[in-house]
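Student: build me a model from this:
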Amino acid sequence: MAVVTDIRYVEKSKRYRVFVDGVFCTSVRERTFPALGIEVGQAITCEEIVRLEKFHWKNAYGEAAWKKEKVRIARVKEIIESRFSGLEVTVEGFGADSNDFIPTHPDEPGKPDLSIHGKQSGQKYCALEVTGTEVRRGTDYWVRPDKLRYAQSHPEESVWICLHYASPSEMLVFIQPDMSKRYQPTPVPVGKAVEHYVLFSDTSPETRSLNDFFHFLLSQRPENILASRHEDQI
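Tutor: Numbers count the residues shown, from 1 in each chain. Reported below is the predicted structural model:
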């Protein structure tokens, strides 16, 4: 059985070089290394180490988290379609409509989960990335940098980000990325590892409410977006 024979930290790259059976195998990011539990003398193949590193966050969140994400996406889709009878919301993101582990990464990280377009015209009005947690942690809104990079790389799509929180009461917060801003991620401890997020607050200029998002949709082509009669909000 293959065995880890050496681990060397490289300060310049902030990565750990892992050797298996005396041969260099791979380098592991400093922020994920503690969570992988790799140590000298451990019986593990190089292929297994590479897989642990590559899909660390998918393994860490697990199937239960993916199912909750699917529920979030379905709920946001329901809210938009129930408010505007002339709109159709389709699921398009990488694996967004599946609970299964997908052993690969999307061609372009941060691709939005939902596409919003007119039922009759088929015109696309907006792309919407859905994220969030069951319970909001702290007072900031955490957004992965790749989601913002995607929005800035596709200004023609009008990409928004929706954070959905289920409790203590349902809450939707929207982020409309600034196309010209260079966002600086902040390291945030997540379990034994560290993940990087861009933090927004209620006073950030990009932070929008559900009503703000509805007004944005209406501003696109109000004659083609048939608003339902009720004005109930969350």
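
Student: what are the boundaries of the strands in this protein?
Tutor: 4-10, 15-20, 23-29, 87-91, 114-118, 124-135, 141-143, 159-167, 171-175, 186-190, 193-200, 207-208 (DSSP state E).

Student: how far is stretch 69-83 from where the chain is centred?
Tutor: 16 Å (C-alpha atoms, centre = their mean, to the nearest Å).

Student: buried sites along that stretch?
Tutor: Buried residues in stretch 69-83, defined by neighbour count with 16 or more other C-beta atoms under 10 Å: 69-70, 72-73, 75-77, 79-81, 83. Using the backbone N, CA and C atoms, a C-beta is placed for each residue, glycine as well.

Student: need these in CSV (columns: distance to residue 41 and pLDDT).
Tutor: As requested, these are arranged in CSV below (distance: C-beta to C-beta, whole Å; pLDDT from 0 to 100):
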residue, distance to residue 41, pLDDT
69, 37, 81
70, 40, 85
72, 42, 90
73, 43, 92
75, 47, 93
76, 47, 95
77, 49, 94
79, 53, 94
80, 54, 93
81, 56, 91
83, 59, 89
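
Student: just the ones of those residues in helices?
Tutor: Applying DSSP state H to the buried residues of stretch 69-83, the entries found in helices are 69-70, 72-73, 75-77, 79-81, 83.

Student: out of the residues you listed, who's nearest residue 14?
Tutor: Within those, proximity to residue 14 (C-beta to C-beta) peaks at residue 69, which comes in at 29.0 Å.

Student: picking up where we left off before, can you add mean neighbour count, distance to residue 151 and mean pLDDT and give the strands of the chain back as CSV?
Tutor: Formatted as CSV, the strands of the chain follow (neighbours: other C-beta atoms under 10 Å; distance: least, C-beta to C-beta, whole Å; pLDDT from 0 to 100):
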stretch, mean neighbour count, distance to residue 151, mean pLDDT
strand 4-10, 14, 33, 94
strand 15-20, 20, 29, 94
strand 23-29, 17, 24, 92
strand 87-91, 17, 18, 92
strand 114-118, 20, 13, 92
strand 124-135, 19, 8, 90
strand 141-143, 23, 10, 94
strand 159-167, 21, 4, 93
strand 171-175, 19, 9, 96
strand 186-190, 13, 18, 87
strand 193-200, 18, 11, 90
strand 207-208, 18, 13, 98
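
Student: turn those strands into TSV, columns for distance to residue 219.
Tutor: Compiled in TSV, these are given as follows (distance: least, C-beta to C-beta, whole Å):
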stretch	distance to residue 219
strand 4-10	51
strand 15-20	46
strand 23-29	42
strand 87-91	14
strand 114-118	13
strand 124-135	10
strand 141-143	23
strand 159-167	13
strand 171-175	14
strand 186-190	32
strand 193-200	22
strand 207-208	13
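
Student: which one of the buried residues of stretch 69-83 is nearest residue 215?
Tutor: residue 83 (11.5 Å).

Student: wait, the closest one touches residue 215, no?
Tutor: No: with contact defined as C-beta atoms under 8 Å, residue 83 does not count as touching residue 215 (11.5 Å).

Student: ok so, going back, which one of the strands of the chain lies closest to residue 153?
Tutor: strand 159-167 (9.0 Å).

Student: which other residues reach that closest one?
Tutor: Contact with strand 159-167 is made by 72, 75-76, 112, 126-136, 141, 143, 147-148, 150-151, 170-177, 208, 213, 216, as judged by C-beta atoms under 8 Å, 6 or more residues apart in numbering.

Student: how about a cut-off of 7 Å?
Tutor: 72, 75-76, 112, 126-136, 141, 143, 147, 150-151, 171-177, 213 (C-beta atoms under 7 Å, 6 or more residues apart in numbering).
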